[in-house]
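> Give me the fold of what follows.
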Amino acid sequence: MTSVKMELENISFTYDSSPVLKELSLSIQESDFIGLIGPNGSGKSTLLKIMSDILKPDTGSIKFKGSETARISKKIFAQSVCWISQGHPMVFPFKVSEVVLMGRHPYLSPLSFESHEDFKISQDAMKTTMTTQFSDRFFNEISEGEKQRVMIASALAKTPN
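Below you'll find the model as predicted:
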């Protein structure tokens with residue numbers, strides 16, 4: 001039997017005075033693989049941002065593994081949930097390998113450095129996404145498709161299980 005990983009109840013969200021989500025309820029099981037399909041402006045990204053705790057809903061509740069997300073530490077939540085946006089502005093010149101390694105940030109203590117295991121997990125994520133070949137290139141020098149794969153590698157490094 002699979003357990004509920006995330007549950008949304010009566011979620012509503014409004015940008016300015018325009019309602020985007022209205023009393024949406026959704027239950028995602030541990031083994032579910034879901035897709036969000038809809039026209040531009042229908043609330044797909046807004047829903048994902050709410051599920052990732054980037055946006056707060058106007059009404060409703062969100063539970064992650066049975067607990068209200070407001071009661072889960074940001075660090076624990078960040079170790080399990082990741083948002084990958086469609087655009088990837090990178091102001092500082094980070095190498096691809098450094099961007100992937102940033103996925104391990106939620107596991108670090110303040111003022112600590114990445115461990116050998118963090119580097120191995122990041123390398124494994126790059127192998128999985130076939131991004132190893134440009135690990136020494138700067139993130140802002142690779143194509144948009146390659147950037148998307150690098151961001152997926154970073155998400156995999158964040159939650160290797």
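
> Look up how far Glu114 lies from Lys127.
From Lys127 over to Glu114 the distance is 18 Å, taken as C-beta to C-beta, to the nearest Å. Using the backbone N, CA and C atoms, a C-beta is placed for each residue, glycine as well.

> So between the two, which is more surrounded?
Comparing Lys127 with Glu114 by neighbour count (other C-beta atoms under 10 Å), the higher total belongs to Glu114, at 15 against 12.

> Confirm that one sits in a helix?
No. Per DSSP: H, G, I helix; E, B strand; the rest coil, Glu114 lies outside any helix segment and is coil.

> contacting residues around it?
Leu101, Arg104, Leu108 (C-beta atoms under 8 Å, 6 or more residues apart in numbering).

> Of these, just the buried ones, PyMOL syntax please.
Filtering the contacts of Glu114 down to the buried ones (16 or more other C-beta atoms under 10 Å) takes a single PyMOL command:
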select buried, resi 101+104
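
> In strands, which of the contacts of Glu114 appear?
Within these, no residue falls in strands by DSSP state E.

> And the contacts of Glu114, which is closest to Ile28?
Using C-beta to C-beta, Arg104 comes nearest to Ile28 of the contacts of Glu114, at 24.7 Å.

> For the nearest residue to that closest one once chain neighbours are set aside, give its distance to Ser73.
Leaving aside its sequence neighbours, Arg104 sits nearest to Asp118 (C-beta to C-beta, 6 or more residues apart in numbering; 4.3 Å). From Asp118 across to Ser73, the span is 20 Å (C-beta to C-beta).

> so where does Glu98 fall, helix or strand?
According to DSSP states H and E, Glu98 maps onto helix 96-101.

> export the contacts of Glu114 to JSON lines and tack on distance to Thr132 and pLDDT?
Putting those into JSON lines (distance: C-beta to C-beta, whole Å; pLDDT from 0 to 100) gives the following:
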{"residue": "Leu101", "distance to Thr132": "13", "pLDDT": "94"}
{"residue": "Arg104", "distance to Thr132": "17", "pLDDT": "91"}
{"residue": "Leu108", "distance to Thr132": "23", "pLDDT": "85"}
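
> Can you tell me which of the contacts of Glu114 lies closest to Ser18?
Arg104 (37.9 Å).

> Touching, that closest one and Thr159? I think so.
No. In this structure Arg104 lies outside contact range of Thr159 using C-beta atoms under 8 Å: 10.4 Å.
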